[in-house]
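Chemist: After the sequence you'll find the predicted model.
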Amino acid sequence: MEIFKILFICKYNRFRSKIAEAYFNKINKNKKIKARSAGLIQGDPTPRNTIKIAKNLGINVKGTPRTTSTRLLSAQDLVVIVANNVPKKIFKDYAKKIIVWKISDAKATEDKNIIKSIKLIMNKVENLNKQLEKRK
């Protein structure tokens with residue numbers, strides 16, 4: 001069974017990419033598709049209030065922030081840059097498998113913006129999942 005691998009990337013892997021990974025893996029029913037996440041820079045752990053807000057929206061965010069590497073990138077079939085502050089050009093060697101969503105980061109103290117960003121990510125993940133369901 002060939003696994004289709006998706007990597008969600010943001011700057012620190014503590015919010016946007018973690019939400020995308022957790023939500024994708026929750027709603028995806030195709031066992032041949034797996035998602036992971038990473039950041040450009042090793043970030044601090046996800047803030048507690050962000051984890052709580054995500055949980056209230058049905059998303060279980062866990063794990064410590066991970067950084068990306070050439071090895072990790074080359075092993076992916078699709079790389080989704082979830083962030084507006086991660087330039088696509090640094091992934092030029094992987095240009096054929098990059099999608100950019102340009103979602104703004106939300107400060108850990110701005111609950112309304114956190115909710116808004118999570119809902120936007122959820123919508124984009126749902127659309128991606130629908131597109132990938134056609135791959136069965």
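Modeler: Okay, I see it. Numbers count the residues shown, from 1 in each chain.

Chemist: Secondary structure element holding the closest residue to residue 18 other than its chain neighbours?
Modeler: Of all residues not flanking residue 18 in the chain, residue 61 sits nearest, at 5.1 Å (CB to CB, 6 or more residues apart in numbering). From N, CA and C alone the C-beta is placed, and that goes for glycine too. Assigned by DSSP states H and E, residue 61 falls within no helix or strand.

Chemist: Next one, pLDDT for the residue nearest to the spatial centre of the chain please.
Modeler: Computing the C-alpha centroid of the chain and ranking residues by CA atoms, centre = their mean puts residue 17 first, at 2.8 Å. According to the prediction, residue 17 has pLDDT 97.

Chemist: Name the SS class of it, please.
Modeler: Under DSSP: H, G, I helix; E, B strand; the rest coil, residue 17 falls in the helix class.

Chemist: Would you mind measuring from it to residue 81?
Modeler: Taking CB to CB, to the nearest Å as the measure, residue 17 and residue 81 are separated by 9 Å.

Chemist: One more: residue 60?
Modeler: Distance, residue 60 to residue 81, by CB to CB: 23 Å.

Chemist: So which of those two has more stuff around it?
Modeler: residue 81 (25 against 11; other CB atoms under 10 Å).

Chemist: Apart from its neighbours in sequence, what residue is nearest residue 55?
Modeler: The nearest residue in space to residue 55 (CB to CB, 6+ apart) is residue 61, at 7.6 Å.

Chemist: neighbours around the one you found, how many?
Modeler: Neighbours of residue 61 under the rule other CB under 10 Å: 20.

Chemist: Which parts of this structure are strands?
Modeler: 4-10, 33-39, 78-83, 98-103 (DSSP state E).
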